[in-house]
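Visitor: give me coordinates for this.
(one chain, ligands or ions: 1)
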Amino acid sequence: MRLVILDDYDSASEWAAKYVRNRIKEFNPGPDKPFVLGLPTGSTPIGMYKKLIQFHKEGQLSFEHVITFNMDEYVGLAVEHPESYHSYMWDNFFKHINIKPEHAHILDGNATDLVAECDRFEEEIKKVGGVELFIGGIGPDGHIAFNEPGSSLSSRTRIKSLAVDTILANAKFFGNDISKVPKAALTVGVGTVMDAREVMIVITGAHKSFALYKAVEEGVSHMWTVSAFQYHKKCTIVCDEDATLELRVKTVKYFKGLMEVHNQLVKDLDVKETQ
Ligand SMILES: N[C@@H]1[C@@H](O)[C@H](O)[C@@H](COP(=O)(O)O)O[C@@H]1O
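Guide: Okay, here's the model as predicted:
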């Protein structure tokens, strides 16, 4: 696992966006070779999306041949509800870039057959050859997507009842009215994300520091589903200083010592070296 520690939220967002930009550009996607990207929602990735939009507007990055799959969606919330993940993705990202609408896959939390909808989503991912880079976010209880504590680490896309902690954490998006927060969601499984060829998880803020500690320094446990990625062949966690508060000084020093190497991954590809 690679742990990239940046000073603050803005630099973590920028690092993550540059990494995505470089991965897409190096892959050089085309009509017969799309880049398949898994995407999260929540407040954390907003800064990364803003930067990606900027790169697109500056002509650095095209999403014409990018296919996306979102991690999750609430059950029973109208697509046009401002807090649905459909609204979130279109408002914060898709409408600002040149993605083809048919390339942006988001689970339908209003499908009449929710189980079939989850199976269909898995099939769609398979059809395009799997996910190249899955970007994820976590809750303070260490859940990835909506894989709440106790979720199977080999789970696939399915319906999940949300944990009380998650409902409380998400109340801020529903006017702090807990009764308005949906109590179930469709979510990709831990196994679905594990199947991606690469995973990048963005974790920022002191309120996530215990989860980051569980993800990096403790053993793999279904009670902290993000810890499963210790088994992934290519997983990068991008975090800010605040999120490292519960890590050992030794761990932080070790990974910070690798920053020069990490920063090679995000350098501007079009800038010619001068020496
Ligand atoms: N299902 C989503 C997760 O996918 C997301 O990672 C998490 C964190 O949200 P935030 O970034 O707002 O802390 O929120 C929800 O629980």
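Visitor: what does the pLDDT read for the most centrally placed residue in the chain?
Guide: Taking CA atoms, centre = their mean, the centroid of the chain lies closest to Gly136, which sits 2.0 Å from it. On pLDDT, Gly136 comes in at 98.
Visitor: please name the bridge partners of it.
Guide: For Gly136, the beta-bridge partners are Ile201 (DSSP bridges).
Visitor: secondary structure element for the residue nearest to Leu61 when sequence neighbours are not counted?
Guide: Excluding the flanking residues, the one nearest Leu61 by CB to CB, 6 or more residues apart in numbering is Phe55, at 4.3 Å. (Glycine included, C-beta is placed from N, CA and C.) Take DSSP states H and E as the rule and Phe55 turns out to sit in helix 46-57.
Visitor: which strands or helices does the helix or strand following that helix pack on?
Guide: For helix 46-57, the following helix or strand on the C-terminal side (DSSP H and E) is strand 66-70. Helices and strands touching strand 66-70, by 3 or more CB pairs under 8 Å, 6 or more residues apart in numbering; DSSP states H and E, are strand 35-39, strand 104-105, helix 114-127.
Visitor: neighbouring contacts of strand 66-70?
Guide: Residues from elsewhere that reach strand 66-70, judged by CB atoms under 8 Å, 6 or more residues apart in numbering: 24, 29, 34-41, 85, 89, 99, 103-107, 121, 124-125, 128, 131, 188.
Visitor: ok, it: who's next to it in the sheet?
Guide: By DSSP bridges, strand 66-70 pairs with strand 35-39 (parallel), strand 104-105 (parallel).
Visitor: quick one: the longest one near the ligand?
Guide: To tie it back to what came earlier, the one meant is strand 35-39. No. Against the ligand, strand 35-39 shows no contacts by CB under 6 Å from any ligand atom, the least distance being 9.6 Å.
Visitor: what angle sits between that strand and helix 114-127?
Guide: Angle, strand 35-39 to helix 114-127, by axes from the mean of the first three to the mean of the last three CA atoms, to 10 degrees: 140 degrees.
Visitor: about what we covered before: in the helix holding Phe55, what's buried?
Guide: Within helix 46-57, the residues that count as buried by 16 or more other CB atoms under 10 Å are 47-53, 55-56.
Visitor: residue boundaries of the strands in the stretch 101-250 of the chain?
Guide: Here the stretch 101-250 of the chain has its strands, by DSSP state E, counting those that start in this stretch, at 104-105, 133-137, 158-161, 184-187, 198-203, 235-240.
Visitor: nearest to the ligand, of those strands?
Guide: Proximity to the ligand (CB to the nearest ligand atom) singles out strand 133-137 among those, at 2.7 Å.
Visitor: for the stretch 101-250 of the chain, which residues are neighbours of the ligand?
Guide: Residues of the stretch 101-250 of the chain lying near the ligand (CB under 6 Å from any ligand atom): 137-139, 145-146, 166.
Visitor: now those in a markdown table, with distance to Met259 and neighbour count?
Guide: A markdown table is the format used below for those (distance: CB to CB, whole Å; neighbours: other CB atoms under 10 Å):
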| residue | distance to Met259 | neighbour count |
| --- | --- | --- |
| Gly137 | 22 | 22 |
| Ile138 | 22 | 26 |
| Gly139 | 27 | 24 |
| Ala145 | 28 | 30 |
| Phe146 | 32 | 25 |
| Thr166 | 33 | 21 |
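Visitor: between these, which sits nearest Ser154?
Guide: The shortest gap between Ser154 and any of those belongs to Ala145, at 14.2 Å (CB to CB).
Visitor: got the contact list for the closest one?
Guide: Applying CB under 8 Å, 6+ apart, we find Ala145 in contact with 40, 71-72, 136, 187-188, 193.
Visitor: show me what counts as buried in stretch 79-88.
Guide: By 16+ other CB under 10 Å, the buried positions in stretch 79-88 come out as 83-88.
Visitor: so which of those residues comes closest to the ligand?
Guide: Checking these one by one against the ligand (CB to the nearest ligand atom), the nearest turns out to be Tyr85, at 8.0 Å.
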